[in-house]
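# quick check, what structure comes out for this input:
(one chain, ligands or ions: 1)
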Amino acid sequence: MGQNETETYQLNDEQRKAAQFDGGHALILAGAGTGKTSTIVARVDHLLSRDVDARRILLLTFTRRAAREMRLRMMQRSGESTKLVSAGTFHNFCLQFLRRWPDLFGCGALSIIDRDDQLQLMKLARGTIVGKDAQFPKSAELVNYYSYARNTNRTIAEYLKQFTEHDEETIQRITGVLQDYTKRKLDCRYFDYDDILQLFAKGLHQNNVLREKLKRRFDHILVDEMQDTNPLQWLILDGLRDPAKLFCVGDDAQSIYAFRGADFKNVHSFTDRVEGAQVLRLEENFRSYQEILDVSNWLLKQSPLDYNKNLHAARGRGDKPRMLEFSEDLEEADWITEDLAARHEGGTPWAEHMILTRTAFGARHVEASLVMKDIPYRFVGGTQLLHSAHVKDLLSLLRVADNSADQLGWMRYLTLWPRIGEKTAATIIGKLMGISRADMIESILTERTKANPRLAEAFAACVKLLDRPQQAITAAVDKMTPLLEKKYDDWDRRSKDLKLLERLAEKHATIGEFLETYTLDPISESEASNEDDQDVVTLITVHSAKGTEAPVCYLLGVQPGNYPHVRSIGDDDQEEEERRVLYVAMTRAKNELIMTGTSRYQGAFVPYHNRYFAAAGTNSQLYFLSDLPGHLLGDDLPFDDDPFDEPIRSYRD
Ligand SMILES: Nc1ncnc2c1ncn2[C@@H]1O[C@H](COP(=O)(O)OP(=O)(O)OP(=O)(O)O)[C@@H](O)[C@H]1O
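Numbers count the residues shown, from 1 in each chain. Down below sits the predicted model:
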């Protein structure tokens, strides 16, 4: 749904039936744009009208953005009382209870770490257990194994045996590294993304007291994007249901998170797992014109899987999607931004346009062109604000102020200062471990880092401001600016990001909460800087675009090698997921879908996009749109109507 739109329409019969369902558990199987979000919002309204206490409704989403959007729409529809509905991501929901009852879950204070930290920690574990062995899986692969096994609720050994070709000895060594990794994590009181769900699921299923407490907390559990739940998330829902009723909404054709262990069969096997559950369908699409759905329907029909989807448009007919081909990236980018500028000059707000990209990297030419033409934009899924080096430097101080056992944070913070190398830092960290009193830490720092008095001062200042994150950042910036100015040539540009941080922190109650929010659900630089500006173009990765829409959508890089992505070719499941990624992308458009691509692929320049692979010596079937009938597209792709590609019929025939 377009952000901040107020619903002025009536639900159709399918939606009403779903929203007012008064039976037990329900699965709402719905195609793109059929109003899943609207139906969930209407369901909450229905429950409230039946005097269900808002506090006993739980609404789980996959992203913070989706939760925010739901909260806003619930409020618009049903008013203030919806503020009492618990609406958040799976991770936030679980974390809230881990924090509330740490003893019952068996966890104390903790800091959430992101993938970069996981990699660093894994590198240390790999180095200790395996040493130098180029043949042994790299740290990134090990982090993936670790995460995938847990999200699919398997032991590491089980997972490795089933899904990799490693021999028994390697499996044992990998298990050893992962055990060392776990130990390091616990020593530093770190939690990674998956720990949150795992610990919650474990407590829920293995601790009867806890389960009874949790089960009694909610009467209705509403789940958005059910197709993206992984087995661990399913275990959580399963543990919370009965007497609580599940109301799960999903679309198997939009499942694009298999790489995180999501299993869209959770949708298919719902009625087998949840006895007596009913399946309701939503099939009328309210978002797009039929021509956009025709191309999307065609794409799904080519699949060997039966998605059983044939979306029809409530809005009727409009323009056909267009396919534009350029000889290179820059040309593609310039065309898009010129088109945008012309539309804006013609009176269309920037916000009505969305540019979808496969990856942040794949949009760099467009981003550059937007900047050059001064077009305001927000890049959702772009370069993460908290990932840039200078921001990480500053955050290292906040991290150690918040959790003094945070060894990675200390290593970064200490080595920023002159004459403190990794060895010295390691010695200081050794002294600090096990000490939790801030004044004692401060005196060790003062004693050990005499040449850099600001190092301890900055720490002391932040510790005092743990519950005033904005002021803590101001203090940290003040103390660290001379240091960072020297480190970065382009400090003027970088320092602007720190201002952004201060602004973001304003909304949070503690440093811990601030760090946690953006570690769990990262925010991009341009998203942070344009958070409050409404009239901007949205540049967005397809994965982040799920659940959103715009009147005009430009879909970048629609060309062989991208759909399916070359890396997925050969793996049937992955190829199929790629089809769903393209499907999600296409179905975001309300009025106009403009697909663009470049004609360079693997060095081969071929004039027509649907013949690249043949020219590059590759199987043309590997491009999803190679057989797309020309009549489904607008005028820019005259392939099927090519006047030179028709036998001439004699007038005598
Ligand atoms: N009954 C209705 N009448 C008119 N418009 C509707 C109706 N229901 C939903 N819409 C509109 O249709 C669009 C799609 O709705 P929504 O975003 O809820 O769909 P969705 O099923 O969540 O889509 P997706 O899964 O593709 O993200 C929105 O613009 C919404 O305002």
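# so how far is whatever helix or strand residue 248 lives in from its chain's centroid?
Assigned by DSSP states H and E, residue 248 falls within strand 245-250. Centroid displacement of strand 245-250 relative to its chain, using C-alpha atoms, centre = their mean, to the nearest Å, is 21 Å.
# near the ligand, which residues of the stretch 501-650 of the chain?
The interface of the stretch 501-650 of the chain toward the ligand, taken as C-beta under 6 Å from any ligand atom, is made up of 547, 549, 587. (C-beta placed from N, C-alpha, C; glycine too.)
# I misspoke; the intended subject was the stretch 201-350 of the chain.
Within the stretch 201-350 of the chain, the residues that sit near the ligand (C-beta under 6 Å from any ligand atom) are 251, 254, 286, 287.
# ranking those by neighbours, who comes first?
Within those, most neighbours by other C-beta atoms under 10 Å means residue 251, with 28 neighbours.
# got the contact list for that one?
Going by C-beta atoms under 8 Å, 6 or more residues apart in numbering, residue 251 touches 29, 30, 31, 32, 36, 227, 267.
# got it, and residue 299?
Applying C-beta under 8 Å, 6+ apart, we find residue 299 in contact with 579, 582, 583, 586, 624, 625.
# now, those that are in helices?
Among the contacts of residue 299, the ones falling in helices (DSSP state H) are 579, 582, 583, 586.
# looking at it, the second one is touching residue 624, isn't it?
Which is residue 582. Yes. Taking C-beta atoms under 8 Å as the definition, residue 582 is a contact partner of residue 624 at 6.0 Å.
# what sits in contact with each of these two?
Here residue 582 and residue 624 share the contacting residues 299, 563, scored by C-beta under 8 Å, 6+ apart.
# now do the closest residue in space to residue 501 that isn't next to it in sequence against the ligand, distance only.
Leaving aside its sequence neighbours, residue 501 sits nearest to residue 473 (C-beta to C-beta, 6 or more residues apart in numbering; 5.4 Å). To the ligand, residue 473 is 35 Å away according to C-beta to the nearest ligand atom, to the nearest Å.
# identify the residues contacting residue 473.
Contact analysis of residue 473 by C-beta under 8 Å, 6+ apart lists 394, 398, 498, 501, 502, 505.
# could you rerun that using 6 Å?
Going by C-beta atoms under 6 Å, 6 or more residues apart in numbering, residue 473 touches 501, 502, 505.
# kindly report the same for residue 114.
The contact partners of residue 114, by C-beta under 6 Å, 6+ apart, come to residue 519.
# quick revisit: from the ones in helices among the contacts of residue 299, list just the buried residues.
When these are checked for burial by 16 or more other C-beta atoms under 10 Å, the buried set is 579, 582, 583, 586.
# out of those residues, which one sits closest to residue 534?
Nearest to residue 534 out of these is residue 586 (C-beta to C-beta; 25.4 Å).
# leaving out the residues flanking it, which one is nearest to the closest one?
In this structure, residue 586 finds its nearest non-sequential neighbour in residue 296, 4.7 Å apart by C-beta to C-beta, 6+ apart.
# and the residue nearest the centre of the chain, what's its pLDDT?
Nearest to the mean C-alpha position of the chain, counting by C-alpha atoms, centre = their mean, stands residue 544 at 5.5 Å. For residue 544, the pLDDT comes out at 86.
# could you say which helix or strand holds it?
Applying DSSP H and E, one finds residue 544 within helix 542-545.
# quick check: next helix or strand after that helix?
On the C-terminal side of helix 542-545, the closest following helix or strand by DSSP H and E is strand 550-555.
# quick check: longest strand in the protein by residues?
Under DSSP state E, the strand in the chain containing the largest number of residues is strand 589-598.
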